[in-house]
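Student: Show me how the following folds:
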Amino acid sequence: MVNLVIMRHGEAQPYAADDSLRQLTPDGQNDVRQMALWLKTVYANFDYVWSSPYLRAQQTAELMLEQQPAECQFTLIPELVPDAPAQTVKAQIDALLLAQPNAKLLLVSHMPLVSFLVESLTEPGQAPIFSTASLTCISYQPGQGGVVQERNRPLALSVLPEI
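Tutor: Just a heads-up that it's a prediction; the model follows:
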């Protein structure tokens, strides 16, 4: 059962006075909406959406939330920044899933963290590269590790109509 989805934010503007203030482009917004619809269709509802405090990740998370039930809880996690240590975030995921074993979590962040996080949760030496708005679906249990069940990206969804 997929209980953890790790997602990179959608395509963002190339420049801003502060990197944390870069916004999603219109194409980035459309890509995220397509991924949100796909995720809802394939994996149904999530209990939690965690996001980086960076604007582009927050915007991505908000668009993903549009396809989730009202009771889905949104939280900004300060540690979900690009260069955060994956082990710190893994410890937070472990704490949530130990307290609530049936919880389903969607996490929105940045490269390289998303890549290193997948590696730390699944198989050492397997740090995938994420294109923007792509995601990795994992079956994960604290103390037992995880298995990647599926990876997807907007270009793979070209059969879906634009939203």
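
Student: Now P154. Nearest residue, chain neighbours left out?
Tutor: Using Cβ to Cβ, 6 or more residues apart in numbering and skipping residues adjacent in sequence, the residue nearest P154 is D31, 3.9 Å away. For every residue, glycine as well, the C-beta is placed using N, CA and C.

Student: which one's the longest helix in this protein?
Tutor: When the chain is parsed with DSSP state H, its longest helix is helix 26-43.

Student: Tell me the helix or strand right after it.
Tutor: strand 48-51 (DSSP states H and E).

Student: And the next helix or strand past that next one?
Tutor: helix 55-65.

Student: Next secondary structure element downstream of that following helix?
Tutor: strand 73-76.

Student: on that earlier part again, would you mind measuring from the residue nearest to P154 to V81?
Tutor: 22 Å (Cβ to Cβ, to the nearest Å).

Student: Between these two, tell me which one has more neighbours.
Tutor: D31 (26 against 17; other Cβ atoms under 10 Å).

Student: wait, what's in contact with the more buried one?
Tutor: Contact analysis of D31 by Cβ atoms under 8 Å, 6 or more residues apart in numbering lists G10, E11, T132, A133, P154.

Student: Skip the chain neighbours and tell me the closest residue to the first one.
Tutor: With sequence-adjacent residues excluded and distances taken as Cβ to Cβ, 6+ apart, G10 is closest to G28, at 3.3 Å.

Student: quick one, what contacts that neighbour?
Tutor: Neighbours of G28 in contact, by Cβ under 8 Å, 6+ apart: H9, G10, E11, A12, R56, T60, T132, A133.
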